[in-house]
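Trainee: Quick one: sequence and predicted model below, then my questions.
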Amino acid sequence: MSLLVVAGLLWTSWPWLCLGSSEIHVTCVFSEVCVLPCQFTKGRDELIHWDKGTARVHSFYYNMDQLGQQDPAYKNRTSMDKEQVAEGNASLSLQRTNLQDGGTYKCYCSTAQGRQEYFVMVEVKAPVRTVDMKVLDEEVHCSSQNIYPKPHVSWATDPPTSSEALQATTESLPDSVGLFALESWVGILGNRSDYTYICSISLEGASQLWTASLKHQGTTASTFQSGTVVCSAVFVTSVFAGFHVTDIIEGVEGQALSIPCHAPNDLQNFTLTWAFMTTGQPTVFLSFSSQTGKVANNWADRVQLDTI
């Protein structure tokens, strides 16, 4: 679950009546659990309604959930904690969030002492999870799936070349549920090992920037081609961010192979993940948290992390 909350409060009080207004902004991650916050002044005989427009999302009164008028779109996806309600916390847990869940929600709270009303602005995003880079014929391809909002891509090389020399072609189309699939490619410049190709994917609103790179190393016939090893690091910040490195490295069967993964020198508060891909689905075999210093290694008999 990823949550970004910015809140402002405005209160006006009268005897036996407490009217509160608040507009809270929440970012939910597609298909994950999202918590819509709502705090009220606790009291007896709580009555809580969560609504989105004319749709009843969830109700709570008589010290229990009341779902008889719940809109079918939210069936089996909402919950509240009655112990937390007794403490003045009417936050709603929304499971399996989808793009249609975005919008404005109203949290209405009433007790014997008064009533309060809050508005929660929900934005649903599907961040870039992984980027695949590969060489097809004389082109370098960069692709990613299940992204929202619409992604944008830019290309660069190391050493640098002009944008005119790269001439990228990009396709970005939504699927049946509104998630975007991105495919972009550029022609290879000179020999395959002359350049590192850098593909940067960003989302509208600058909420995420993911950079991937690919470099072909070596020209011998013994090629490590049973799968793709992916190294990625996700920054722990208020926006989604990350980088992804794909190196085409050749090795000899039965001998040790060193696979590089380079990150910015000033990188802080990150999780480093190594994954192995054979059918497009990554299998994580090693991870490192900079905050805890712990390494989780599922392939301890075969791989080790050299330096951090």
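Mentor: Everything's here; your move.
Trainee: nearest spatial neighbour of Ala86, skipping sequence neighbours?
Mentor: Among residues not flanking Ala86 along the chain, Lys42 sits closest, at 6.7 Å (C-beta to C-beta, 6 or more residues apart in numbering). For every residue, glycine as well, the C-beta is placed using N, CA and C.
Trainee: hang on, isn't Ala55 packed against Pro72?
Mentor: No. Using C-beta atoms under 8 Å, Ala55 is not in contact with Pro72; the gap is 9.3 Å.
Trainee: Give the residue from these two that has the larger number of neighbours.
Mentor: Counting neighbours by other C-beta atoms under 10 Å for Ala55 and for Pro72 shows that Ala55 has the greater number, 15 against 6.
Trainee: Show the contacting residues for that one.
Mentor: Going by C-beta atoms under 8 Å, 6 or more residues apart in numbering, Ala55 touches Asp71, Ala73, Tyr74.
Trainee: Out of these, which is nearest to Asn146?
Mentor: Taking C-beta to C-beta as the measure, Asn146 lies nearest Ala73 of those, at 20.9 Å.
Trainee: what's the neighbour count on the closest one?
Mentor: Taking other C-beta under 10 Å as the neighbour definition, Ala73 ends up with a count of 12.
Trainee: quick one, phi/psi of it?
Mentor: Main-chain torsions, Ala73, degrees, to the nearest 10: phi -60, psi -20.
Trainee: what do you get for the one 4 residues further on?
Mentor: Comment: the main-chain dihedrals of Arg77 come out as phi -120, psi -10, following degrees, to the nearest 10.
Trainee: Identify the residue nearest it in space, chain neighbours excluded?
Mentor: With C-beta to C-beta, 6+ apart, the residue lying closest to Arg77 is Gln95, at 4.7 Å.
Trainee: what separates the one you found from Ala55, distance-wise?
Mentor: 17 Å (C-beta to C-beta, to the nearest Å).
Trainee: Report the contact partners of the residue nearest to Arg77.
Mentor: So Gln95 contacts Val33, Arg77, Thr78, Ser79 (C-beta under 8 Å, 6+ apart).
Trainee: For Ser110, state which of these is nearest.
Mentor: Thr78 (18.9 Å).
Trainee: neighbours of the residue nearest to that closest one when sequence neighbours are not counted, just the number please.
Mentor: Once flanking residues are discounted, Thr78 sits nearest to His58: 4.4 Å by C-beta to C-beta, 6+ apart. For His58, the neighbour count with other C-beta under 10 Å is 26.
Trainee: Run through the helices of the protein in chain order.
Mentor: For the chain, applying DSSP state H gives helices covering 82-85, 163-166.
Trainee: Tabulate those helices in a markdown table, adding columns for mean pLDDT, distance to Leu67 and mean neighbour count.
Mentor: Listed next are those as a markdown table, based on pLDDT from 0 to 100; distance: least, C-beta to C-beta, whole Å; neighbours: other C-beta atoms under 10 Å:
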| stretch | mean pLDDT | distance to Leu67 | mean neighbour count |
| --- | --- | --- | --- |
| helix 82-85 | 93 | 14 | 13 |
| helix 163-166 | 83 | 55 | 12 |
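Trainee: how much space between the nearest residue to Leu305 once chain neighbours are set aside and Val303?
Mentor: Excluding its sequence neighbours, the residue lying closest to Leu305 (C-beta to C-beta, 6+ apart) is Val295, at 5.8 Å. For Val295, the distance to Val303 equals 11 Å [C-beta to C-beta].
Trainee: The two - which one has more neighbours?
Mentor: Val303 (17 against 14).
Trainee: who touches that one in this structure?
Mentor: Trp274, Phe285, Leu286, Asn297.
Trainee: now swap in Cys199 and tell me
Mentor: Per C-beta under 8 Å, 6+ apart, neighbours of Cys199: Val131, Met133, Val140, Cys142, Val153, Ser154, Trp155, Ser184, Thr211, Ala212, Ser213, Leu214.
Trainee: please redo it, this time with the cut-off set to 7 Å
Mentor: By C-beta atoms under 7 Å, 6 or more residues apart in numbering, the contact set of Cys199 is Val131, Met133, Cys142, Val153, Trp155, Ser184, Ala212.
Trainee: Neighbours of the third one, how many?
Mentor: In this case it means Cys142. 27.
Trainee: Now do the closest residue to it other than its chain neighbours, the pLDDT please.
Mentor: For Cys142, ignoring the flanking residues on the chain, the nearest one in space by C-beta to C-beta, 6+ apart is Cys199 at 3.5 Å. Reported pLDDT at Cys199 in the predicted model: 90.
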